[in-house]
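S.K.: have a look at this prediction, sequence included:
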Amino acid sequence: MKDPFFHIIVEEAFSDLDSIFDELDLLKDSLLSPEHTGGSKSESGEIEKKNKGLFLDGCQNYQNSKIVANTNKLLTEIINSKNWENHVFHRMFECTSWTGYLVSHYECGDYYLPHYDDGLFTLITFIFDDCENRVGGDLYFPEHDHLHKCKNNQSILFLSKEMHQVTTFESKSNRYSISTFSHFQRPNKEPLNNKSLDLPKLIYN
Ligand SMILES: [Fe+2]
């Protein structure tokens, strides 16, 4: 690794893994090609990924999803964790809201080229149905020359603007990931009332 960079890894991320697999099985045929999950294109306009996916929070009744419930539970556990070493990032994490719940499915030959995400933090949870015998499908951070070997039911949190990619998945089994992206939440405060203050005309004329 060239430079250390902020990331947090959570093992045994989802407590309800059997239900997650059941839901993924049901969702598998509804997943869409990259043109529909969009977002990431190279400068030349090419789509940077070959996989299938679905943003659950764009679907009706997504709040009934076990995947969403498990992810939200995990986010709460991370917020309340005592293991944060970077207190600035922890404060940032506490005032973000989460969207996406993007389910992605990789089969043999699928990949995601280097890109960064639309967000402040990215949380990805990896689900494999045959993790031990799989080849590829790992997460690589090219600016740090860091290969993260993904494990089943493991999550990684990092800053969304870190360049990252998924190495080509080269097995006949299934690799899924669930990605959420955070954005700053505007604090719920009363608007300031400065109407009585006449700003110097010299500056604002
Ligand atoms: Fe990404």
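M.R.: Everything's here; your move. Numbers count the residues shown, from 1 in each chain.
S.K.: so what's the residue nearest the centre of the chain up against?
M.R.: For the chain, the residue nearest the mean C-alpha position is residue 179 (3.2 Å; C-alpha atoms, centre = their mean). Residue 179 makes contact with 100-102, 104, 117, 122-124, according to C-beta atoms under 8 Å, 6 or more residues apart in numbering. All C-beta spots, glycine's among them, are computed from the backbone N, C-alpha and C.
S.K.: ditto for residue 131
M.R.: Residue 131 makes contacts with 150-152, as judged by C-beta under 8 Å, 6+ apart.
S.K.: those residues into a markdown table, with extra columns for neighbour count, pLDDT and secondary structure?
M.R.: What follows is those, written out as a markdown table (neighbours: other C-beta atoms under 10 Å; pLDDT from 0 to 100; DSSP: H, G, I helix; E, B strand; the rest coil):
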| residue | neighbour count | pLDDT | secondary structure |
| --- | --- | --- | --- |
| 150 | 23 | 97 | coil |
| 151 | 17 | 97 | coil |
| 152 | 19 | 97 | coil |
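S.K.: quick one: which of these is nearest residue 108?
M.R.: residue 150 (16.0 Å; C-beta to C-beta).
S.K.: re earlier: emit the ChimeraX select command for whichever of the contacts of residue 179 are buried.
M.R.: Entered in ChimeraX, the line below selects the buried ones among the contacts of residue 179, by 16 or more other C-beta atoms under 10 Å:
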select :100,101,102,104,117,122,123,124
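S.K.: which residue ranges of this structure form strands?
M.R.: 7-10, 49-50, 52-55, 96-106, 111-115, 121-128, 139-141, 146-148, 154-159, 164-166, 175-184 (DSSP state E).
S.K.: now the first one: buried residues?
M.R.: Just to be clear, that refers to strand 7-10. In strand 7-10, counting by 16+ other C-beta under 10 Å, buried: 7-8, 10.
S.K.: do you know the pLDDT at the closest residue in space to residue 102 that isn't next to it in sequence?
M.R.: Nearest residue to residue 102 in three dimensions, chain neighbours excluded: residue 179, at 4.4 Å (C-beta to C-beta, 6 or more residues apart in numbering). At residue 179, the model reports a pLDDT of 97.
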